[in-house]
Structures are given as C-alpha cells and as structure tokens.
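*Asks:* Sequence below, structure please.
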Amino acid sequence: MDIKSSGSIPTRRAPEEWFTGTVWQDPIIQAPSPARLISVVVHFEPGARTAWHTHPLGQTLYVVSGAGLAQVWGEELREIRAGDVIWIPPGEKHWHGAGPANSMSHIAMQEALDGNAVEWMEKVSDTQYSGTE
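*Replies:* As a prediction, this is how the structure comes out:
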C-alpha cells in the first residue's frame, strides 16, 4: 500500500502545447504497472480548454465544480456542469474545458495502453470553442 499525504504532490501548470488558457492540474494517481489508471483533477479558468485529443482506452470525466463545454469531433457543442459524468469512448476525438464566463474543475480518469493514455492533436480554434464553426 502506498499513501500519498494531502499536499505532498504539487499542483502543476498544464502544458501550453496541449491547452489554451490557464489550466492547473493536481495529480491523483499514475498507478504502476501492471495497473494502467491515471487520474488528475484539472482546474480550468474561464475560457480555458484542452486541445483536441483521443484516449486509446477511453476517458471518464467527473465534473466537480463550475460549468464547462465538451465536444466530439463533428458533433454539437455540449454544456457540462458539476455532478455530470462524461464517458468518452476509445479513439473518440474530443475536447473539454471551462465555459467563457465560468471556471470548471473535473476529475479525469483514463487508462494507459502500452504506457500511453492520450494522443494530443491540434488546438481548438476560437470559432470551434464558441460553436460558430
């Protein structure tokens, strides 16, 4: 058993190449092999969002606070709120983040396949984010 004490893992700024706006991450777990679970609390400031991406084994999001947006490639923009649980199937191209006027925090849970849990792609444009594209 391994117990990480509260506050022992520092908050980190999310990498600019994968996110637009100010995003903070609080790691929960990156389980050692043979387990594959990776989980993190992600805090998005208003207007902040991920780039388009996929997960080889899918992803579950649990919205902890605030209001945000999520979209699957080629589909309508969706609103997400505190208490919502979102399942993204393996290989589905998508993005998620805060709404334009509200912050949003979610717990992201995904499994790694051969050490890889995500494939990052292009950034979400402002027109995609606003739903005008």
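
*Asks:* So in this protein, which strand runs the longest?
*Replies:* Using DSSP state E to define each element, the chain has its longest strand at strand 59-72.

*Asks:* Find out how far it is from the centre of the chain, if you would.
*Replies:* Taking CA atoms, centre = their mean, to the nearest Å, one finds strand 59-72 lying 8 Å from the centre of the chain it belongs to.

*Asks:* List the buried residues of it.
*Replies:* For strand 59-72, the buried set under the neighbour-count rule, 16 or more other CB atoms under 10 Å, comprises Gln59, Thr60, Leu61, Tyr62, Val63, Gly66, Ala67, Gly68, Leu69, Ala70, Gln71. Every C-beta, even on glycine, is put in place using the N, C-alpha and C of the backbone.

*Asks:* Also stretch 70-81?
*Replies:* For stretch 70-81, the neighbour count (16+ other CB under 10 Å) marks Ala70, Gln71, Ile80 as buried.
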